[in-house]
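A.B. asks: Okay, sequence plus prediction incoming.
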Protein chains: 2
Amino acid sequence: MGELVDTNSNYIAKELPRIGITLVRISQVGDNQEELVSVLKEAVNRSDIIITTGGLGPTDDDITRESISQLLNESMYIDQESLEDMRKIFIRRGINMSDTNIKQANLIPSACGIKNEVGTAPGWWVNIDNKNLIVMPGPPREMHRMWQHEVLPSLLERYNNSLIYTRNIRTYGLGESLLNEKISGIIDSFGFEWGMYAQPLGVDVRIRVPAESEQQAKSSLDKLEVALDGSIGDFIWGFDQDTVESVLASNLLNNNLTVAVMESCTGGLLSNALTQPPGSSGYFKGGMVAYSGVLKQTFGVDSNLIHKFGTVSPEVAADMARSVRDLVGSDIGISTTGVAGPSTIEDKPVGKVYIGISSTDGTHVKELNLPQERLLVKQRATNEALMTLLKLVAN
Amino acid sequence: MGELVDTNSNYIAKELPRIGITLVRISQVGDNQEELVSVLKEAVNRSDIIITTGGLGPTDDDITRESISQLLNESMYIDQESLEDMRKIFIRRGINMSDTNIKQANLIPSACGIKNEVGTAPGWWVNIDNKNLIVMPGPPREMHRMWQHEVLPSLLERYNNSLIYTRNIRTYGLGESLLNEKISGIIDSFGFEWGMYAQPLGVDVRIRVPAESEQQAKSSLDKLEVALDGSIGDFIWGFDQDTVESVLASNLLNNNLTVAVMESCTGGLLSNALTQPPGSSGYFKGGMVAYSGVLKQTFGVDSNLIHKFGTVSPEVAADMARSVRDLVGSDIGISTTGVAGPSTIEDKPVGKVYIGISSTDGTHVKELNLPQERLLVKQRATNEALMTLLKLVAN
């Protein structure tokens, strides 16, 4: 247990507020039937809705179905409809169905099967003393589809009276303490529930509002947003599910701007970030991972600057940004050069990074001194480059 | 609660087997003192060691300390030593300490402070009826350091009698069912506990062996490994904490080989993967994200091939791999070209990808038909490119 990072409960936790269901507990247990039965029993005593993911695979250590049968003291039988659906999947994939898969078609009298459109294991919707135990497969792709297409619509039908709306305000550049001092008075004066969450990129402020309609909630949240904008407007870069990549993408596309990258210490991560959003070919003109001085020169960087100042220098960062813009013909050129570690370069310490940005506004360089951990240097330098770009193109 | 993906319990879960501590339950609760007290009470009744992370921040919704005080009915006091340490951190960082930070120096009579070398919140080591409640901060960087430098050494001292050894065998290319059929008989004949875990890159087989010494465990595990090698040797690419990037790095360095990348649909992710390991400048000569046909030509791809076959074609994939090898002068050139989506390109469907690889062994192309989801296409095409490269260079 715990060998895998659990992203499933995170996914469901984000969905529940939309339907006004309050999450009180997340539990994980290993492939141990006794423990699983015990955690299910506790959960059924505590809550009206219990959601499980995982343990529906074909192998012996998949014991979710077995544990629920034991909890309810009901015997399993092969559900012919599920078995038929499963056979069709294997035929479609052109592979033979293994005998071990048959157990995935098991059902008990208190459960209905939940359709799995993209995998072999159907879910179970179990009724226990008028409480709902919803059992979904573990692979995120299967679980997400089952949740969106089967479980969520059915929950919405049953529990659509008390809706809770949330707004997530994404900030960058202020620590938690300082942010708290600047906003707690404002939000508390509105009487809303809220919390702060440190993210890889800045701090999120998440606000929860109970309301009878989306319109009513939106209006309260908009008023709060105006108040917050007066206090921390310069540090807000996005809302709700925004990513810096998606905000950048819309700003670049709306302003009809293109960008190209010449990166060194970030090793491809900056280009990768810029090509995450769908439609990125509309603004991303190309990237170079110029990992050596020679390759920087191949891509147009002035060899005199390299010899005079070294590859890790503000002068070379600026020339990389200018050169890539020239070479590719983009509106903006952005560059990174620095020391990701573990070794120093040209006597510059690990964590020293320069970000260059070049546009019709001229060429600017930012110096960073990051923690001395390789992957952190790559990630933070990329974050800073994205934020620098966003500052330039944001309306 | 649940808004963040919980990587902390995953980290600790991976550490516990080393010291023979069996993990029975992972629980998460929100910033709700009543719930937190109740989950702590249950945990103390169930287990000898309870580990918490998070809720030690300076703000009002950080309530781990408050909850433990309530559980033990003990009042908190400001620990002067912790306060002094905290002041030093703020001076070192050159920022003013906020009054809200003072509460992070709180302690109760049953707790000792645990040093936090990289953050402001010290941990707590609480003795409750001879059980250990170990309280660590939530930010992964602080928690990892505290675990490695303070908590783990102390736990090793107290519980070093019953050691459990694990080996993780990392495979690629076989599904869970088929893998299960090929190995379950072999592992069961050794009488070891084991499980399979689907990973982003293939399936891991994790084997657990109780033993009195590392040598004894190693010898049993080595025998099993020889047996498994006869059955699934072609599909095993690594062990334990190996990543495909780290295995590739050692193979390239040991064979004194260099590689360069020209990627299109993977958008920088392939270069990024190759530059993750420390020392990557020893084998990675550079990368190009040739996102357009024009840029591919700038980097040496034959424009006739692009016009005749289109940018998403085996012919262009091959020429990209050849061209980048020529341009950069590396031993190996590797390329990706395909349709990440959401739109089709040149009438080729989303998910169609070609991987090219060029070396003194000649140039080869692999065709992939991936699920029609943009980020999945980028990730899987990168995985396949890395695996293709590993097949070429593995000893």
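C.D. replies: Yes, it's here. Everything numeric in this text was worked out from a predicted model, so none of it was measured. Residues are numbered from 1 along each chain as shown, chains lettered A, B, ... in the order given.
A.B. asks: For residue A:48, what are phi and psi?
C.D. replies: The phi/psi pair for residue A:48 (degrees, to the nearest 10) reads phi -90, psi -30.
A.B. asks: mind checking the SS state of the nearest residue to residue A:180 once chain neighbours are set aside?
C.D. replies: Closest residue in space to residue A:180, ignoring its immediate chain neighbours: residue B:59 at 4.9 Å, by C-beta to C-beta, 6 or more residues apart in numbering or on different chains. Glycine gets a C-beta too; all of them are placed from N, C-alpha and C. Assigned by DSSP: H, G, I helix; E, B strand; the rest coil, the conformation of residue B:59 is coil.
A.B. asks: who's in contact with residue A:159?
C.D. replies: For residue A:159, the contact set (C-beta atoms under 8 Å, 6 or more residues apart in numbering or on different chains) comprises A:19-21.
A.B. asks: possible to save those as JSON lines with secondary structure?
C.D. replies: JSON lines is the format used below for the contacts of residue A:159 (three-state DSSP):
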{"residue": "A:19", "secondary structure": "helix"}
{"residue": "A:20", "secondary structure": "coil"}
{"residue": "A:21", "secondary structure": "coil"}
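A.B. asks: can you pick the most crowded of those?
C.D. replies: Ranked by neighbour count (other C-beta atoms under 10 Å in any protein chain shown), these have residue A:21 at the top, with 18 neighbours.
A.B. asks: That residue and residue A:49 touch, don't they?
C.D. replies: Yes - between residue A:21 and residue A:49 a contact is recorded at 6.2 Å, counting by C-beta atoms under 8 Å.
A.B. asks: Could you pull out the residues contacting both of those two?
C.D. replies: Each of residue A:155 lies in contact with both residue A:21 and residue A:49 under the rule C-beta under 8 Å, 6+ apart.
A.B. asks: returning to what we had before: tell me the pLDDT of the residue nearest to residue A:180.
C.D. replies: Looking at residue B:59, its pLDDT reads 84.
A.B. asks: Pull the number of nearby residues for it.
C.D. replies: 18.
A.B. asks: And it, how far from residue B:8?
C.D. replies: 19 Å (C-beta to C-beta, to the nearest Å).
A.B. asks: where does the stretch 251-395 of chain A dip in pLDDT?
C.D. replies: A:395 (pLDDT under 70).
A.B. asks: For stretch A:146-156, give me every contacting residue.
C.D. replies: A:11-12, A:15, A:19, A:21, A:49, A:51, A:114-117, A:123, A:125, A:134, A:136-137.
A.B. asks: at 6 Å what do you get?
C.D. replies: With C-beta atoms under 6 Å, 6 or more residues apart in numbering or on different chains as the test, stretch A:146-156 has contacts from A:19, A:114-116, A:123, A:134, A:136.
A.B. asks: Alongside chain B, which residues does the stretch 51-200 of chain A contribute?
C.D. replies: Proximity of the stretch 51-200 of chain A to chain B (C-beta under 6 Å from any C-beta of the partner chain) is limited to residues A:58-59, A:61, A:98, A:100, A:177, A:180, A:195, A:197.
A.B. asks: Next, format these as a markdown table and append distance to residue B:289.
C.D. replies: Formatted as a markdown table, the entries for those read as follows, by distance: C-beta to C-beta, whole Å:
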| residue | distance to residue B:289 |
| --- | --- |
| A:58 | 40 |
| A:59 | 40 |
| A:61 | 42 |
| A:98 | 41 |
| A:100 | 43 |
| A:177 | 39 |
| A:180 | 40 |
| A:195 | 38 |
| A:197 | 32 |
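A.B. asks: Quickly name whichever of these is closest to residue A:110.
C.D. replies: Distance to residue A:110 across these (C-beta to C-beta) is lowest for residue A:58, with 22.8 Å.
A.B. asks: For that closest one, which residues are in contact?
C.D. replies: Contacts for residue A:58 (C-beta under 6 Å, 6+ apart) come out as A:100-101, A:104, B:177.
A.B. asks: Show me chain A divided up by domain.
C.D. replies: Following automatic domain parsing, one gets these domains for chain A: A:8-158, A:164-239, A:244-394.
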